[in-house]
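Asker: sequence first, predicted coordinates after that:
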Amino acid sequence: MQILPNNQLLGATVALALVAISAAYIYCTSKPKAIKVHGVLLSTATQRVLATLYEKELEFELVPVDMEAREHKKKPFLSLNPFGQIPAFEDRDLKLFESRAINKYISHKHADKGTRLESGDMKQKAIIGVWMEVEAHQFDPAASKLTWELALKPVFGKGTPDKAVVEENEAKLAKVLDIYESRLAQSKYLAGESFSLADLHHLPTIQYLLATQVKKLFDSRPHVNAWVADITARPAWCKVLALQKH
Ligand SMILES: N[C@@H](CCC(=O)N[C@@H](CS)C(=O)NCC(=O)O)C(=O)O
């Protein structure tokens, strides 16, 4: 028995399909995301985590923190990070802070998704671990001070760069970059032939410093220069930069 003529039946089927697709779209886009990053886009530590999430092709929600209102120093933010710093991270019931630890968790949990940022091989894992520590303890102290003095102080209207601090930290960073230059003459990336978290962790400060006088320290070292060009052009990193333009 035919209830509707053929063309009406087709029309009704298409309409039903459209309703179902729209409902699925609305559900997916409005569904609360399991991963939440509490932070701000100008923050280097927040950017470090976002770069990893994009490399891993994971969905997340960026929850803005009103730093001017010192929201990060008050409850309820302090329950996410008792040190009152951004970013803070939530994956359902798991709450983490410290950008590098967050990144290790993400890359471990989602080892097979998106870009491989760590290695299953013990020796390779250890080498990546060494260069992650180098970034945190050798590179970042000088790079962060220079980022603050030369790139962020002007943005926040906090006065002019302190020349002595800049000089001291340029000298420190130059020494670190000499070691990077020899390392990168041996392998394309810091921990070997593949991009890893060890490289990724450098991105936020390098990106800021490229717009300052410190760029010369990268440019003058050919292997460092090629590495910087390579890692700052990664699509995942470009997505982090694009977020800042919105
Ligand atoms: N080691 C921490 C550093 C976090 C950090 O210094 N966050 C900065 C923004 S990039 C911050 O919250 N600054 C405000 C403050 O320390 O009061 C990490 O990697 O997550």
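Answerer: Looks like it arrived, so ask away.

Asker: okay, S107: pLDDT?
Answerer: pLDDT recorded at S107 is 98.

Asker: tell me how many other residues crowd it.
Answerer: Applying other Cβ atoms under 10 Å, we find 22 residues neighbouring S107. (Glycine included, C-beta is placed from N, CA and C.)

Asker: if I've got this straight, it is in a helix?
Answerer: Yes - under DSSP: H, G, I helix; E, B strand; the rest coil, S107 falls within a helix.

Asker: quick check: it touching L53?
Answerer: No - under the criterion of Cβ atoms under 8 Å, S107 makes no contact with L53, lying 10.2 Å away.

Asker: buried residues in the helix or strand containing A174, which are they?
Answerer: A174 belongs to helix 163-186 when elements are defined using DSSP states H and E. By neighbour count, with 16 or more other Cβ atoms under 10 Å as the criterion, the buried positions of helix 163-186 are V166, N169, E170, K172, L173, V176, L177, Y180, E181, R183, L184.

Asker: what does that helix contact?
Answerer: The contact list for helix 163-186, computed with Cβ atoms under 8 Å, 6 or more residues apart in numbering, reads 134, 138-139, 141-143, 145-146, 149-150, 190, 214, 217-218, 221-224, 226-227.

Asker: now, those residues that are in helices?
Answerer: 134, 141-143, 145-146, 217-218, 222-224, 226-227 (DSSP state H).

Asker: could I get these as TSV with pLDDT, neighbour count and distance to K239?
Answerer: Formatted as TSV, those follow (pLDDT from 0 to 100; neighbours: other Cβ atoms under 10 Å; distance: Cβ to Cβ, whole Å):
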residue	pLDDT	neighbour count	distance to K239
V134	99	20	26
P141	98	14	28
A142	98	22	27
A143	99	25	22
K145	98	19	27
L146	98	25	25
L217	98	22	27
F218	98	19	22
P222	98	11	28
H223	98	17	26
V224	99	20	24
A226	98	12	22
W227	99	24	20
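
Asker: okay, the residues you listed in TSV with distance to the ligand next?
Answerer: TSV is the format used below for these (distance: Cβ to the nearest ligand atom, whole Å):
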residue	distance to the ligand
V134	15
P141	11
A142	15
A143	12
K145	12
L146	14
L217	21
F218	21
P222	30
H223	26
V224	23
A226	27
W227	21
